[in-house]
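1. Need a 3D model of the sequence below.
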Amino acid sequence: MLATQVEKYTDVVAIVPARHRAASNHLNNLKGQRKNNKERNTKMRGLLATITMAKMLLILFGLMIIHQDVVDAARAAGAVGTANAVVTMNNTCAYYVGYIANPENCQGWGLCEGGILKATGNCGKGMLYDSRKGICNYASKVQCNTSPADVCANTADDTFIADPTSCSKYCFCSNKALIGCKSCNNNQLFNPSQSQCVNSYACPVNSNCRLVPNNQFVGLPGKNCGKYLRCLDGSGTLGTCPNGLFFNGISGKCQNTNPCGATTITPSALPPDTAMCKTSYSAAKGGLQYFPDSDTCFGYYTCENQQGIGVWRPCQYTFQFDSVSKVCVQSTQTKCTHNRCANINLKFVTDTSSPQCTKYFVCNNGQQSTKSVACPADFPHFDEVNQACSKTNPSYPICN
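-> Purely as a prediction, here's the structure:
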């Protein structure tokens with residue numbers, strides 16, 4: 001009897017370790033599977049990251065080619081935006097009155113009065129100009145984005161960003177540092193929310209609100225002249241004055257008369273220049289280069305290389321091309337001896353060949369008069385912004 005019980009007990013004792021070993025083995029198998037799954041997931045994430053990085057580098061170095069026929073179709077439909085019309089302090093002052101930011105200096109500010117940049121200055125030590133509040137503020141409370149390097153210092157790693165100085169350029173940031181920049185192909189614009197070049201995008205670099213404080217109003221050129229933008233965080237919402245009034249960006253107020261009443265001729269494109277790039281392009285400088293045309297005040301040619309063909313482009317409405325800075329600027333900022341009445345909304349324009357702006361031309365349907373008119377002796381200087389002769393010489397570059 002005792003022997004039988006001992007045998008049963010021995011069998012039970014033998015079974016328990018066996019079951020324990022089976023459970024332990026099952027647990028180890030589960031741990032192994034979990035480890036393998038984790039390793040596979042890690043490898044998959046690494047592979048996806050590698051693919052993403054490769055895609056970024058492909059885009060960055062221009063190896064992803066967008067078909068020209070798609071861009072041509074979009075351009076024909078009017079969907080391609082303007083890549084080169086970057087807003088400057090002078091440009092902004094043409095449609096705004098008050099203080100603005102300096103896009104080239106984190107501490108800098110400017111004062112717009114009478115359609116021109118009246119004054120500039122810098123915030124004190126440890127302070128930066130807060131473009132959203134319109135004040136000098138502590139550096140720790142201001143995010144300054146005057147350059148791609150500034151943006152990279154304040155953005156997530158391994159990210160594409162828009163170049164804050166150009167709608168058509170984008171850059172790659174890694175470890176809070178700028179890795180490199182690239183231009184979109186075929187005059188496309190970079191959309192940072194999609195991280196890709198697109199045919200149509202409301203780029204804030206081109207917005208008159210970029211340098212203007214929040215909840216301020218800035219005027220508009222072209223077809224929207226007489227309307228305004230209400231600014232918020234560098235972009236704006238289109239608005240109109242009540243009761244049929246017109247917004248005057250120079251005064252910052254609504255008024256009865258339309259400040260853009262003059263009739264203008266829509267600029268027509270000039271043909272490509274086959275010799276421009278060969279004779280003017282600098283191979284040592286490289287990159288996309290800009291050259292004034294010899295027929296208009298508002299047009300210019302672009303060359304991608306010395307073997308290319310010069311493509312003609314117009315400045316945005318009311319702007320003229322400055323052959324020195326190679327950018328489109330307010331008409332009072334650059335001297336031009338061609339027809340200054342084209343691509344502008346003025347009834348009178350300064351004769352820039354006259355000393356200290358003593359003469360002006362009359363505009364008729366976008367064409368300036370054959371001969372200029374001299375201001376009277378008691379008001380000897382023509383003020384193009386205020387459209388009248390004045391006693392004092394305006395401080396515009398065209399009058400110097």
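2. Phi first, then psi, for residue 89.
-> phi -60, psi -40 (degrees, to the nearest 10).
3. so what's the closest residue to it other than its chain neighbours bridging to?
-> Leaving aside its chain neighbours, residue 89 sits nearest to residue 110 (4.6 Å; criterion: C-beta to C-beta, 6 or more residues apart in numbering). From N, CA and C alone the C-beta is placed, and that goes for glycine too. Here residue 110 sits in beta bridges with residue 100, residue 120, going by DSSP bridges.
4. Next SSE downstream of the helix or strand encompassing residue 228?
-> Using DSSP states H and E, the element containing residue 228 is strand 228-232. The C-terminal neighbour of strand 228-232 among helices and strands, as given by DSSP H and E, is strand 235-239.
5. and the strand holding residue 228, which strands flank it?
-> When DSSP bridges is applied, strand 228-232 pairs with strand 217-219 (antiparallel), strand 235-239 (antiparallel).
6. Quick one: closest of the ones you listed to residue 273.
-> Residue 273 sits nearest to strand 217-219 of all those, at 34.3 Å, using C-beta to C-beta.
7. quick one: buried residues of that closest one?
-> 217, 218, 219 (16 or more other C-beta atoms under 10 Å).
8. repeat for stretch 100-115
-> 100-103, 105-112, 115.
9. Now do the contacts for residue 175.
-> residue 157 (C-beta atoms under 8 Å, 6 or more residues apart in numbering).
10. before we move on, back to that, lowest pLDDT pick from the buried residues of stretch 100-115?
-> pLDDT across the buried residues of stretch 100-115 is lowest for residue 115, at 74.
11. measure the nearest residue to that residue once chain neighbours are set aside to residue 358 for me?
-> Counting by C-beta to C-beta, 6+ apart, residue 115 lies nearest to residue 385, which is 3.9 Å off, once chain neighbours are set aside. Computed as C-beta to C-beta, to the nearest Å, the residue 385 to residue 358 distance reads 16 Å.
12. Also residue 341?
-> Residue 341 is 19 Å from residue 358, by C-beta to C-beta.
13. Between those two, which has more neighbouring residues?
-> residue 341 (24 against 17; other C-beta atoms under 10 Å).
14. How about that one, nearest residue that isn't a chain neighbour?
-> residue 363 (3.7 Å).
15. So what touches stretch 289-304?
-> 84, 267, 270, 273, 276-277, 280-282, 288, 310-315, 319-321, 323, 326-328, 331, 336, 338-340, 342-344.
16. now with 6 Å?
-> By C-beta atoms under 6 Å, 6 or more residues apart in numbering, the surrounding residues in contact with stretch 289-304 are 270, 273, 276-277, 280-281, 288, 310-312, 314-315, 320-321, 323, 326, 336, 338, 340, 343.
17. Can you say which of these are buried?
-> Buried among those (16+ other C-beta under 10 Å): 270, 273, 276-277, 280-281, 310-312, 314-315, 320-321, 336, 338, 340, 343.
18. Could you list which of these belong to helices?
-> When those are checked against helices (DSSP state H), the matches are 276, 277, 280.
19. got a list of what the second one touches?
-> In this structure, residue 277 makes contact with 303, 306, 308, 310, judged by C-beta under 6 Å, 6+ apart.
20. Could you do the last one as well?
-> The neighbours of residue 280, taking C-beta under 6 Å, 6+ apart as the test, are residue 291.
21. quick one: it from residue 337, how far?
-> Taking C-beta to C-beta, one finds residue 280 at 20 Å from residue 337.
22. sorry, back to before: tell me what the residue nearest to residue 341 is bridged to.
-> residue 368.
23. quick one: it and residue 342 touch, right?
-> No: counting by C-beta atoms under 6 Å, residue 363 sits too far from residue 342 to count as a contact (8.9 Å).
24. I'd like the distance between residue 102 and residue 182.
-> If you go by C-beta to C-beta, the gap between residue 102 and residue 182 works out to 26 Å.
25. thinking again about what came up before, relative to residue 115, how far out is the residue nearest to residue 341?
-> In terms of C-beta to C-beta, residue 363 sits 17 Å off from residue 115.
26. which parts of stretch 291-302 are buried?
-> Applying 16+ other C-beta under 10 Å to stretch 291-302 flags 291, 292, 293, 296, 297, 298, 299, 300, 301, 302 as buried.
27. Pipe those into TSV and attach pLDDT per row.
-> Output for the buried residues of stretch 291-302, formatted as TSV (pLDDT from 0 to 100):
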residue	pLDDT
291	94
292	93
293	92
296	94
297	94
298	91
299	91
300	92
301	92
302	90
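28. what's the following helix or strand after the lowest-mean-pLDDT helix or strand in the chain?
-> When the helices and strands of the chain are scored by mean pLDDT, DSSP states H and E, helix 68-76 comes last with a mean of 33. Using DSSP H and E, the helix or strand that follows helix 68-76 towards the C-terminus is helix 89-93.
29. who's in contact with that following helix?
-> 100, 110, 112, 116, 117, 208, 211, 329, 330, 333.
30. Out of those, which is nearest to residue 391?
-> When these are compared against residue 391 (criterion: C-beta to C-beta), the nearest one is residue 116, at 17.3 Å.
31. Can you tell me who the closest one pairs with across the strands?
-> residue 113.
32. State the pLDDT value of it.
-> So, for residue 116, pLDDT stands at 74.
33. likewise residue 178?
-> Residue 178 is given a pLDDT of 88.
34. show me what contacts it?
-> 148, 149, 152, 171.
35. Wait, a strand at it?
-> Yes: assessed with DSSP: H, G, I helix; E, B strand; the rest coil, residue 178 lies in a strand.
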